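[1] give me a model of this one.
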Amino acid sequence: MNVAEQEKDPTSLLNRVRRLIQLKKSENALTAYAEFVPVYAQPDTYPFVYARANGDDIVLVMLNPADREATAKFSLRPVATGHELLAGSEPKMDYADGDYEVAMAGQSYAIYRLVRRQAPASVNQNQPQPGVGTAFPYPYQSTRRVRYISAAIAASSASEPSSRAACSAVIRT
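    As a prediction, this is how the structure comes out:
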């Protein structure tokens, strides 16, 4: 199938990739600097589930590249009050108070925007609260910081010891 034929077919791979590129550009939680939190990742099994977050915007991504159905049970905090399918196919999903049970068809994916509860009016908006005003509670944030710093260290070459030393100093702070 050539490009001209794919452009006419709304279900073609070309148009799917274009929609995914547009989704990446339009969703704040899919920017390059957004948090990345693995939610369900088991050795030698699928699905792989992760969340991306930027501020109050959270996207849940579920991937099953296997040729068979795959299931997962996981918890995600903060608790979402709703899910909006942005791309992919709707998996079988049971959800209650942040606990998920998902069954995904073979070779499928789903990308959801999570709707979160609003912070209660009694919460001081100037004070950070775990799970309120931040995408994930503080343990996720510290994990993210170490992950980014570890990536920076790995990316620095052996010929730049001062760069590695600077990154290592940040880890200790």
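[2] list the buried ones in stretch 24-34?
    By 16 or more other CB atoms under 10 Å, the buried positions in stretch 24-34 come out as 27, 29, 30, 34. The C-beta positions use only the backbone N, C-alpha and C, and glycine is treated the same way.
[3] what about residue 112, which helix or strand?
    Following DSSP states H and E, one finds residue 112 within strand 108-116.
[4] which strands and helices sit next to that strand?
    Using 3 or more CB pairs under 8 Å, 6 or more residues apart in numbering; DSSP states H and E as the contact test, the elements touching strand 108-116 are strand 57-64, strand 80-88.
[5] now do the helices in the protein.
    Using DSSP state H, the helices of the chain run over 3-8, 13-26, 138-155, 161-172.
[6] bridged to the residue lying closest to residue 39 once chain neighbours are set aside, which residues?
    In this structure, residue 39 finds its nearest non-sequential neighbour in residue 49, 4.4 Å apart by CB to CB, 6 or more residues apart in numbering. Counting by DSSP bridges, residue 49 is bridged to residue 40, residue 62.
[7] separation between residue 49 and residue 59?
    12 Å (CB to CB, to the nearest Å).
[8] again with residue 4
    33 Å.
[9] of these two, which one has the most company?
    The residue with more neighbours, out of residue 4 and residue 59, is residue 59; 24 against 7, by other CB atoms under 10 Å.
[10] was I right about the more buried one contacting residue 24?
    No - proximity of residue 59 to residue 24 does not meet the contact threshold set by CB atoms under 8 Å, at 10.0 Å.
[11] tell me how this protein divides into domains.
    Structural domains assigned to the chain are 28-119, 137-173, following automatic domain parsing.
[12] report the rounded mean pLDDT for the shortest one.
    For domain 137-173, the mean pLDDT works out to 41.
[13] repeat that for stretch 6-21.
    Mean predicted confidence for stretch 6-21 is 91.
[14] what's the end-to-end length of it?
    16 Å (CA to CA, to the nearest Å).
[15] again, but for stretch 87-107
    First-to-last residue span, stretch 87-107, CA to CA: 14 Å.
[16] list the contacts of it.
    Defining contact as CB atoms under 8 Å, 6 or more residues apart in numbering, one finds that stretch 87-107 is touched by 19-20, 23, 46-47, 49, 62, 64-80, 83, 108-111.
[17] if we use 6 Å, what do you get?
    The contact list for stretch 87-107, computed with CB atoms under 6 Å, 6 or more residues apart in numbering, reads 23, 47, 64, 66-77, 79, 108-111.
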